[in-house]
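# turn this into a structure:
(one chain, ligands or ions: 2)
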Amino acid sequence: MFVFHPPVERVLLPGGSAVVTVVALVPAAGRGERLGAGRPKALVPVRGEPLLTHAVRGLLASGRVDHVVVAAPPAEVDQVADLLRPLGPAVHVVAGGGERTDSVRLALDAALTFAPAADVVLVHDAARAFTPPEVVRAVVDAVVGGAPAVVPVLPVADTVKQVDADGRVVGTPDRSALRAVQTPQGFAVDLLRRAHAAAEGAATDDAGLVERLGEPVATVPGHPWAMKVTTPFDLAVAEAVLAGEEGR
Ligand SMILES: Nc1ccn([C@@H]2O[C@H](COP(=O)(O)OP(=O)(O)OP(=O)(O)O)[C@@H](O)[C@H]2O)c(=O)n1
Ligand SMILES: C[C@](O)(CO)[C@H](O)COP(=O)(O)O
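Ligands and ions are numbered 1, 2, ... in the order given. Below you'll find the model as predicted:
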């Protein structure tokens, strides 16, 4: 089966000096324990297609991504490669690692062989399968525009409490200064390499590793559809949102 996706738009560096090459890493090697679907979360279908297929197609639909490197569960590499083959030769599959940070690092190492000239790297959770292409474009454009690290964010709707080890509330951070962080997160390639090389232990996102280096991280508006499918409730929400879209 051939699947159409738009041609990659040529994006120039500021000043028009050179064409930018963008590579997207998709950590998809998690077990999906909180979803409890009995198979890796990336392979769980929504509206008949695995989350991972939706996620990779969304990246390609942005028209900004030249290469995609997926970190698959080690036991499912061949299955994932077969699944994604119809999306074309720009999509590569490698084995992921024990933690998300390990999977990203393995995909980054592989990306530098598939796309040695890459300027911009995106890191995008397979679990955020319905991120609109305009969010992908906004992140790429912000990095190309000169921000070396960029994350999509949404304001926090709940009041957030800080608690101690016994669950007692010890503080209430000012909500107006909090943001919920999504993916894709975008980086100048050299900065992400440096951040992962310096990383001691895992981090819950890649921008966190950049922050440890003392480097600035910029934000762009995220989108509710970039929600992370973590629990059965999230999966039901994703099914309902997509069904609503198809019904329009
Ligand atoms: N060793 C790991 C762990 C996670 N991920 C990926 O990182 C993304 C965000 O992780 P999360 O949503 O927490 O997925 P899981 O680790 O699968 O979920 P859980 O913690 O419920 O098992 C997912 O696309 C997941 O596949 C990965 O590539 N390698
Ligand atoms: C990267 C991330 O999606 C940003 O919100 C999130 O931190 C992943 O978290 P998880 O620990 O893998 O669930």
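# and the gap between the closest residue to Ala95 other than its chain neighbours and Val91?
Ranked by Cβ to Cβ, 6 or more residues apart in numbering and with sequence neighbours excluded, the top spatial neighbour of Ala95 is Pro74, at 4.3 Å. The way it works is simple: take the backbone N, C-alpha and C, and place the C-beta from them, glycine included. As for Pro74, its distance to Val91 is 18 Å (criterion: Cβ to Cβ, to the nearest Å).
# neighbour count winner among the two?
Val91 (24 against 14; other Cβ atoms under 10 Å).
# ok, that one touching Thr53?
No: under the criterion of Cβ atoms under 8 Å, Val91 lies out of contact with Thr53, with a separation of 10.2 Å.
# hey, what's in contact with both of those two?
By the contact definition Cβ atoms under 8 Å, 6 or more residues apart in numbering, Val91 and Thr53 are jointly contacted by Leu84.
# would you map the strands across the chain?
Ranges of strands in the chain, per DSSP state E, are 22-27, 45-46, 49-50, 67-72, 91-95, 120-123, 149-155, 162-163, 169-171, 179-181, 185-188, 218-221.
# between these, which one is closest to ligand 1.
The closest of those to ligand 1 is strand 22-27. By Cβ to the nearest ligand atom, the value is 3.0 Å.
# let me see the contact set for the most centrally placed residue in the chain.
Nearest residue to the geometric centre of the chain (Cα atoms, centre = their mean): His124, 0.9 Å. Under the criterion of Cβ under 8 Å, 6+ apart, the contact list for His124 reads Ala24, Leu25, Val26, Ala55, Leu59, Thr131, Val136, Thr183, Pro184, Gln185.
# just give me the neighbour total for the third one.
Right, Val26. Around Val26 sit 32 other residues, with neighbours defined as other Cβ under 10 Å.
# gap between the residue of the chain found nearest ligand 1 and Arg100?
The chain approaches ligand 1 most closely through Gly30 (2.0 Å), counting by Cβ to the nearest ligand atom. For Gly30, the distance to Arg100 (Cβ to Cβ) stands at 7 Å.
# and if you look at Phe114?
Taken as Cβ to Cβ, the spacing of Phe114 relative to Arg100 amounts to 20 Å.
# more neighbours, those two?
A side-by-side neighbour count of Phe114 and Arg100, using other Cβ under 10 Å, places Arg100 first with 21 against 17.
# my guess is that one contacts Gly208, does it?
No: counting by Cβ under 8 Å, Arg100 does not reach Gly208; the two are 11.0 Å apart.
# show me the contacts for the residue nearest to Ala95.
By Cβ under 8 Å, 6+ apart, the residues touching Pro74 are Ala29, Ala95, Gly96.
# of the residues you listed, closest to Asp78?
Within these, proximity to Asp78 (Cβ to Cβ) peaks at Ala95, which comes in at 10.4 Å.
# is the helix or strand of the chain at the bottom of the mean pLDDT ranking anywhere near ligand 2?
Here the helix or strand of the chain ranked lowest by mean pLDDT, DSSP states H and E is helix 232-247, holding a mean of 90. No: in this structure, helix 232-247 remains apart from ligand 2 according to Cβ under 6 Å from any ligand atom; the gap is never smaller than 11.1 Å.
# what is that helix packed up against?
Applying 3 or more Cβ pairs under 8 Å, 6 or more residues apart in numbering; DSSP states H and E, one finds that helix 232-247 makes contact with strand 45-46.
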